[in-house]
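Chemist: Coordinates for the following, if possible.
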Amino acid sequence: MTGTNWAGNIVFSARSHARPTSISELQAVVAGSDRVRALGSGHSFNRIADTDGTQVTVAGLPRDIEIDTSKRRVRASAGLTYAELAPHLESAGLALPNLGSLPHISIAGACATGTHGSGNRNGNLATAVSAIEMVTAAGDLVELTRADGRFDGAVVALGCLGIVTRMTLDLVESFAVAQNVFEGLADESLDEHFDEIFASGYSVSVFTDFRTNRIWCKRLATDPPPGQRMFGATAAPEQRNPVPGMSAANSTMQLGVPGRWHERLPHFRPEFTPSSGSPRFARSPPTSCGSVRATTATRWGSISPGSTTRRPRCRSWTRSSNVLRRSGRDRTGARCSAHRRRRSRPSTSGCLRSVS
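Modeler: Down below sits the predicted model:
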């Protein structure tokens, strides 16, 4: 396992690393360690995944997907990425209502840190979680559901309560999305029409490089297409990358061309590295890694591989139904401010401890 996060700005200080290949092995690792910290896809730009004890990844656990088409939910291995999960949901005619800009991140890591997508009526990724299975500090395997009074504090827990092994996610019927990019949005127009801009599509983001603003408007394919101008901004005549100067080949299809939800909601395509730098956490394609099972219409198959990549160097406004934030990063990390209606989360982020 590498000793840094994917951006390379954090060097982990763990004295040991573990990549268990079974739940029982994970339980033994956790129970036998005095301090444990889970590592997801390495996307975070701070030390949330760091520890001076044992750093554990669940990427080596059996990679299974169980889809219940009648109840519209999926139970999936926590180490899977959204890029690996989404095609199997689509093949069952189902979808997640929201995705982040990067499909390369792990399910458990994204939910544990409250990772957001966008859309006024869309919750962040953790709001889809209806059940969570984890290994606690004592090495016990427990499952919490929405019916449990402890559930709400366990979903966005920043890895403090246990090592998550499986998650159950609520699904919706599969849908198509088309996205358009509008350039040259004036600061004054952004300020004056802020709410209108973010209500103009199913999922809307605004990127800025402090010289100009650009709107990424993702609408349902069944909604009327936008015109050539939006709040003073002009429709981009060709594909764009959210990171100025980077190849648009890394980005999901724009120009109003409809596509399935998992091919349009992220800003970046899973088969490409979306920004510059060494893809330290890139996954090698597995030859066979688990199974997919649909309980009302049985489907079996191998899980498609994904790869972990680097985050774009720009600032953006994103909005979901429970978070409104302006986010940005420089070479040293990520910063977020202007939070509204943000889902509460634990105030501490210490490591999982074994106590006597």
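
Chemist: so residue 114 makes contact with residue 123?
Modeler: No: here residue 114 lies out of contact with residue 123, judged by CB atoms under 8 Å, at a distance of 10.2 Å. Using the backbone N, CA and C atoms, a C-beta is placed for each residue, glycine as well.

Chemist: Tell me which of the two has more neighbours.
Modeler: Neighbours were counted for residue 114 and for residue 123 using other CB atoms under 10 Å; residue 114 has more, 20 against 17.

Chemist: Tell me, how many residues neighbour the residue lying closest to that one once chain neighbours are set aside?
Modeler: Spatially, and ignoring its direct neighbours in sequence, residue 114 is nearest to residue 156 (4.5 Å; CB to CB, 6 or more residues apart in numbering). Residue crowding around residue 156 was assessed by other CB under 10 Å; the count is 20.

Chemist: Quick check: pLDDT value at residue 156.
Modeler: Listed pLDDT for residue 156 reads 93.

Chemist: Quick check: the gap between it and residue 82.
Modeler: Distance of residue 156 to residue 82, given as CB to CB, to the nearest Å: 17 Å.

Chemist: residues in contact with the helix or strand where residue 214 lies?
Modeler: The secondary structure element spanning residue 214 is strand 213-220 (assigned by DSSP states H and E). Contacting residues not belonging to strand 213-220 are listed as 118, 175-187, 190, 197, 200-208, 225-226, 230-231, 233, 236, 240, 242, 264-265, 267 [CB atoms under 8 Å, 6 or more residues apart in numbering].

Chemist: which is the next helix or strand following it?
Modeler: Proceeding N to C from strand 213-220, the next assigned helix or strand is strand 229-230, under DSSP H and E.

Chemist: List the contacts of that next one.
Modeler: By CB under 8 Å, 6+ apart, the list of residues contacting strand 229-230 reads 182, 185, 197, 200, 215, 217, 235.

Chemist: And the furthest pair within those residues?
Modeler: 197 and 235 (14.4 Å; CB to CB).

Chemist: What residues sit buried inside stretch 257-276?
Modeler: By neighbour count, and taking 16 or more other CB atoms under 10 Å as the criterion, the buried residues in stretch 257-276 are 258-270, 272-275.

Chemist: hang on, the earlier thing: may I have the strand holding residue 214 as PDB, with CA atoms only?
Modeler: Provided in PDB are the C-alpha atoms of strand 213-220 (Å, rounded to 0.1, in the frame of the first residue of the first chain):
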ATOM      1  CA  ASN A 213     -17.400  31.500 -14.100                       C
ATOM      2  CA  ARG A 214     -18.800  28.500 -15.900                       C
ATOM      3  CA  ILE A 215     -22.000  26.600 -15.300                       C
ATOM      4  CA  TRP A 216     -22.300  22.900 -15.600                       C
ATOM      5  CA  CYS A 217     -26.000  22.200 -16.000                       C
ATOM      6  CA  LYS A 218     -27.100  18.600 -15.900                       C
ATOM      7  CA  ARG A 219     -30.900  18.200 -16.700                       C
ATOM      8  CA  LEU A 220     -33.100  15.200 -17.100                       C
END
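
Chemist: Buried subset of the contacts of strand 213-220, written for PyMOL?
Modeler: Filtering those down to the buried ones (16+ other CB under 10 Å) takes a single PyMOL command:
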select buried, resi 118+175+177+178+179+180+181+182+183+185+190+197+200+201+202+203+204+205+206+207+208+226+230+231+233+236+240+242+264+265+267
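
Chemist: top strand in the protein by residue count?
Modeler: When secondary structure is assigned using DSSP state E, the longest strand within the chain turns out to be strand 176-185.

Chemist: and the angle for that strand with strand 213-220?
Modeler: Angle, strand 176-185 to strand 213-220, by axes from the mean of the first three to the mean of the last three CA atoms, to 10 degrees: 160 degrees.

Chemist: Quick check: mean pLDDT of strand 176-185?
Modeler: When the per-residue pLDDT values of strand 176-185 are averaged, the result is 97.

Chemist: Residues contacting the following helix or strand past that strand, please?
Modeler: Along the chain past strand 176-185, the next helix or strand (assigned with DSSP H and E) turns out to be helix 187-192. Contacts of helix 187-192 with the rest of the structure, by CB under 8 Å, 6+ apart, involve 197, 206, 213, 231, 232, 233, 317.

Chemist: Show me where the protein has its helices.
Modeler: With helices called from DSSP state H, the chain shows them at 23-31, 82-91, 107-112, 151-155, 187-192, 194-198, 261-264.
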